[in-house]
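A.B. asks: Next come a sequence and a model predicted from it.
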Amino acid sequence: MTRRSLQASAKGISKAEAALIRNSLTQQGLAGELGISRQPVTKFFQGKPVDRYIFVTICEKLNLNWEEIIISSSFADEEQPDSLNQIQNLVQNVREKVHDSIQRRCGVMRVLDMEQPRRLDTIYTHVNIWERITGRRRLNIGEIIRDFDPKKFNCFNLGSLQQPRRPALEAVEEYDKLIILGKPGTGKTIFLKWLAIQCNLGEYRSDRVPIFIYLKDFAEAREQPTLLEYITEQFEDCEVVPNAALTLLTQGQTIVLLDGLDEVKDANFNRVVQEIRRFTTRFYANSFVITCRVAAGNYIFEQFTEVEIADFDDQQITEFVIKWFQEQAATKSEYILQKLQENQSLQSLATNSLLLTFLCLIFEESANFKFKTSAIYQEALDIFLKQWDIQRHIQRDEIYQQISAQQTAALLSEIARNYWERGEYFFQQEAIEQKINEYIYSLHDGRNLDLAKIDSAAILKYIQAQNGLLVERAKGIYSFSHISFQKYLAVKDI
């Protein structure tokens, strides 16, 4: 039996056969649903050794615990792995080889109008997460607005919307398979880069090799490689010995960081998701972290825990501003923090790390803090509607080409004005979808447009995922990400 083979016990085979019957499947049908040939499925049910990945995949499909149905001597009979010392030596050798590459790719940040990159470690502010995904909680509008005060800074985190925060690193340490969701600009990529650097420097999991993959690049790689082939190629570029990637992954000696699932084009999305499923099942002993925007797609990775990046609080805003201006006089950061406290609308924007970076860039140029607030709101809107994706060379698939960025802005203005005039800040999903339907219909004046073809639900999710200006605060209940944006959009054309 090879190192990667497993075989089912007689009792395990009986359980598997019973599961086939419960699922109204034949062995041939099971093979078809898994996208594999009939032969390994037949071997599985005959109690013969099959590839570990195939074995685990069959068990997961039949809702069986694979560890409970293997022959107890399977692991003992396997070909013995390399000695512990050899594996440890390989880990350290590969860490040394990939060190410079990780530092180059993950050690700096440059966004928006920054004229030169900044070292990540000089400005990084620790990220917190919520363990419950905000938009999945079942609350009604009455429960949400119970303690809601639109005049208070960060009012969307008050009352029933508030939930405990914890450091993102704690979640990574607790769950070896983690998906970090977040609104645009909340720092998902920055956190993943920081994690790669911490591992690279030996500050976190010095016994593992960090692997950082930008999923957009992987999805668009020539000849559509598997993740194993892609990682092997990365290692070869760093002059790592052949087969090191396979050995390390098989022995569970890596932490694999997969960034930006939402940035994968629709044409490649299903292939990438299936490849991640296969890869994480085959190399289950490693640690995996995936980042993705909230509402970016309907998919489930069964073995993964999902958390959401929390907005910045007062302490994080203060820490970020102090670090940003640390090379200037201390009075500079103190002055800026004071001005933010005096302007609650701008303080609200600062809860988003990308917008806080944007505000710091403005404050660098404005010594006396004189600027038009309305101009800041407009530029902030442009960042989410246009600039953020353009600067990172991301071309997102527009939902059926039904709505452009400019039309999205006009639609958001119409929604904002409609609810602002009524003094409402939260709205039902059905009402927003109706507004979308009416708006797109109006663009065509009703000509040559089949109303049944307008997928307003998909467009709403697309807007939420693409720019985050509309946020699902609870299941089926939306608001603007910041009251400042709703107010500005409502009155800017008046």
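C.D. replies: Alright, I've got the coordinates. Numbers count the residues shown, from 1 in each chain.
A.B. asks: Helices of the stretch 251-400 of the chain, residue ranges please.
C.D. replies: In the stretch 251-400 of the chain, the helices defined using DSSP state H, counting those that start in this stretch lie at 266-282, 314-324, 330-342, 344-349, 353-365, 373-382, 388-391.
A.B. asks: What lies in contact with the first one?
C.D. replies: Helix 266-282 is touched from outside by 52-53, 56-57, 60, 177, 215, 218-220, 224, 226-228, 258, 261, 264, 288, 290, 297, 299, 301, 303-304, 397, with contacts defined as Cβ atoms under 8 Å, 6 or more residues apart in numbering. Bear in mind the C-beta positions are built from the backbone N, C-alpha and C, glycine included.
A.B. asks: Make a PyMOL selection of the buried ones in those residues.
C.D. replies: Here is the PyMOL selection string for the buried members of the contacts of helix 266-282, based on 16 or more other Cβ atoms under 10 Å:
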select buried, resi 52+53+56+57+60+177+215+218+219+227+228+258+261+264+288+290+301+304
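A.B. asks: Just the contacts of helix 266-282: which are in strands?
C.D. replies: 177, 258, 288, 290 (DSSP state E).
A.B. asks: possible to save those as a markdown table with distance to residue 275 and pLDDT?
C.D. replies: Formatted as a markdown table, those follow (distance: Cβ to Cβ, whole Å; pLDDT from 0 to 100):
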| residue | distance to residue 275 | pLDDT |
| --- | --- | --- |
| 177 | 15 | 95 |
| 258 | 10 | 98 |
| 288 | 13 | 97 |
| 290 | 12 | 98 |
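A.B. asks: And the residues you listed, which is closest to residue 141?
C.D. replies: Set against residue 141, the nearest of these by Cβ to Cβ is residue 290 (32.3 Å).
A.B. asks: I figured that closest one hits residue 179, correct?
C.D. replies: Yes. Counting by Cβ atoms under 8 Å, residue 290 does reach residue 179; the two are 4.7 Å apart.
A.B. asks: Pull up the overlap in contacts between those two.
C.D. replies: Shared contacts of residue 290 and residue 179, defined by Cβ under 8 Å, 6+ apart, comprise 301, 304.
A.B. asks: Dump the ones in strands among the contacts of helix 266-282 into JSON lines; add distance to residue 467 as well.
C.D. replies: Shown next, in JSON lines, are these (distance: Cβ to Cβ, whole Å):
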{"residue": "177", "distance to residue 467": "29"}
{"residue": "258", "distance to residue 467": "23"}
{"residue": "288", "distance to residue 467": "28"}
{"residue": "290", "distance to residue 467": "21"}
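A.B. asks: in the stretch 351-494 of the chain, what spans have low per-residue confidence?
C.D. replies: Flagging of the stretch 351-494 of the chain using pLDDT under 70 yields the residue ranges 366-371, 388-402, 445-453, 493-494.
A.B. asks: in it, which spans are strands?
C.D. replies: Assigned by DSSP state E, counting those that start in this stretch, the strands in the stretch 351-494 of the chain fall at 427-428, 470-474, 477-480.
A.B. asks: Comparing those strands, which comes out most buried?
C.D. replies: Ranked by mean neighbour count under mean count of other Cβ atoms under 10 Å, these are led by strand 477-480, which reaches a mean of 22.
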